[in-house]
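Asks: This is the structure alone, sequence omitted:
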């Protein structure tokens, strides 16, 4: 399965707490298989596996699930305990989210959650007493407060929202489509990443952070068990980071169809439109409405595949350039530098550092 890559912005933000604790970034990056020089390239990206390794390195080095961003550490095992409470005591998503909210309210630092339903019904501590949808509509809201461990890059808020969203979907074994995501902070410079993270309209400067989704999903039963929980925790944070494609958008459908063709020649826009049962003109309009184009989706798909292959050491640059349909390696080099600001060799070096560190 082709997974999304992670912008270098998030790598820099994840390292912020470690640097505050006086730790050097270089050794952490090398153990994660990330070339340290990529920190200086604004267009650089890493594979989700590399980013997951970096998060694990930070967790265990700092013994802090908040990655050193909070006023005090949140010891390893805290998230696992919350998961057990949600799985074993949550008969439905509503109960599970309220248990998660009550659990984190026991700690002086960490995320604050509040579930708000139409009519003012709410559960969990933190946040405000009510929501934008009180008494009207059929949307529920999960309000989030990460101000105790948020930083100038808003990494704490973003991470809390992503984890809450994907954890909810994991509990009920189905996607939780968001109506919208609201954020208290202003629109960030890496705004385009929010579509990749949430797959929904995002608004900023709203005075609160909240995920808005159909209320009916709160009645969905929790379908996870002990075996599923063990596998989920064993794969953390990979299990959460890998869940990043949203079936509801045209760009995600195009990306998924292109990904199925890799490695190998990529289908034409006309063939993709045929597979989606729409006309090429309709496909162009849908992609334009999402602020993208077939060429952009194709380039991002090839970019992410290339980064994953290079980081995993699964192919030579020459083989990879052929897989992606380039006439010669030099054309692939030029495209890769345009996509990431770096050469393919920089990504291979990052993986070699990781293998040496193990």
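Replies: Nice, I can see it. Since the model is a prediction, treat every value here as computed from it, not as a measurement.
Asks: Distance of residue 34 relative to residue 159?
Replies: Distance of residue 34 to residue 159, given as CB to CB, to the nearest Å: 18 Å. All C-beta atoms are positioned from the backbone trio N, CA, C, and that covers glycine.
Asks: out of the two, which sits in the busier spot?
Replies: residue 34 (31 against 24; other CB atoms under 10 Å).
Asks: Phi, psi for that one please.
Replies: phi -110, psi 120 (degrees, to the nearest 10).
Asks: do the one 5 residues further on as well
Replies: As for residue 39, its main-chain torsions (degrees, to the nearest 10) stand at phi -60, psi -20.
Asks: Wait, it touches residue 9, no?
Replies: No: contact criterion CB atoms under 8 Å: residue 39 and residue 9 do not qualify, at 10.3 Å.
Asks: quick one: the helices in the stretch 51-200 of the chain?
Replies: Ranges of helices within the stretch 51-200 of the chain are 78-89, 93-104, 155-172, 192-198, based on DSSP state H, counting those that start in this stretch.
Asks: nearest to residue 239, of those helices?
Replies: Residue 239 sits nearest to helix 155-172 of all those, at 7.2 Å, using CB to CB.
Asks: So which elements touch the closest one?
Replies: Packed against helix 155-172 by the contact rule (3 or more CB pairs under 8 Å, 6 or more residues apart in numbering; DSSP states H and E) you find helix 8-20, helix 78-89, helix 93-104, strand 139-145, strand 180-183, helix 192-198, strand 209-214, helix 238-241.
Asks: Only the buried residues of the helix or strand following the first one, if you could.
Replies: This means helix 8-20. Using DSSP states H and E, the helix or strand that directly follows helix 8-20 along the chain is helix 25-31. Applying a neighbour-count criterion of 16 or more other CB atoms under 10 Å, one finds 25, 28-31 buried in helix 25-31.
Asks: which one of the helices of the stretch 51-200 of the chain lies closest to residue 72?
Replies: helix 78-89 (12.0 Å).
Asks: List the buried residues in the closest one.
Replies: Quick answer for helix 78-89 (16+ other CB under 10 Å): 78-79, 82-83, 86-87.
Asks: Then stretch 202-219?
Replies: Neighbour counts using 16+ other CB under 10 Å place 202, 204, 208-213, 215, 217-218 of stretch 202-219 among the buried residues.
Asks: could you dump these to a markdown table with pLDDT and distance to residue 172?
Replies: Converted to a markdown table, the buried residues of stretch 202-219 look like this (pLDDT from 0 to 100; distance: CB to CB, whole Å):
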| residue | pLDDT | distance to residue 172 |
| --- | --- | --- |
| 202 | 91 | 23 |
| 204 | 95 | 28 |
| 208 | 95 | 25 |
| 209 | 96 | 22 |
| 210 | 97 | 19 |
| 211 | 97 | 15 |
| 212 | 96 | 17 |
| 213 | 95 | 11 |
| 215 | 95 | 14 |
| 217 | 95 | 7 |
| 218 | 96 | 10 |
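Asks: just those now: which is nearest residue 21?
Replies: Nearest member of the buried residues of stretch 202-219 to residue 21, counting by CB to CB, is residue 209, at 25.8 Å.
Asks: residues contacting the closest one?
Replies: 143-146, 157, 160-161, 182-185 (CB atoms under 8 Å, 6 or more residues apart in numbering).
Asks: what's across from it in the sheet?
Replies: Beta-bridge partners for residue 209, by DSSP bridges, are residue 144.
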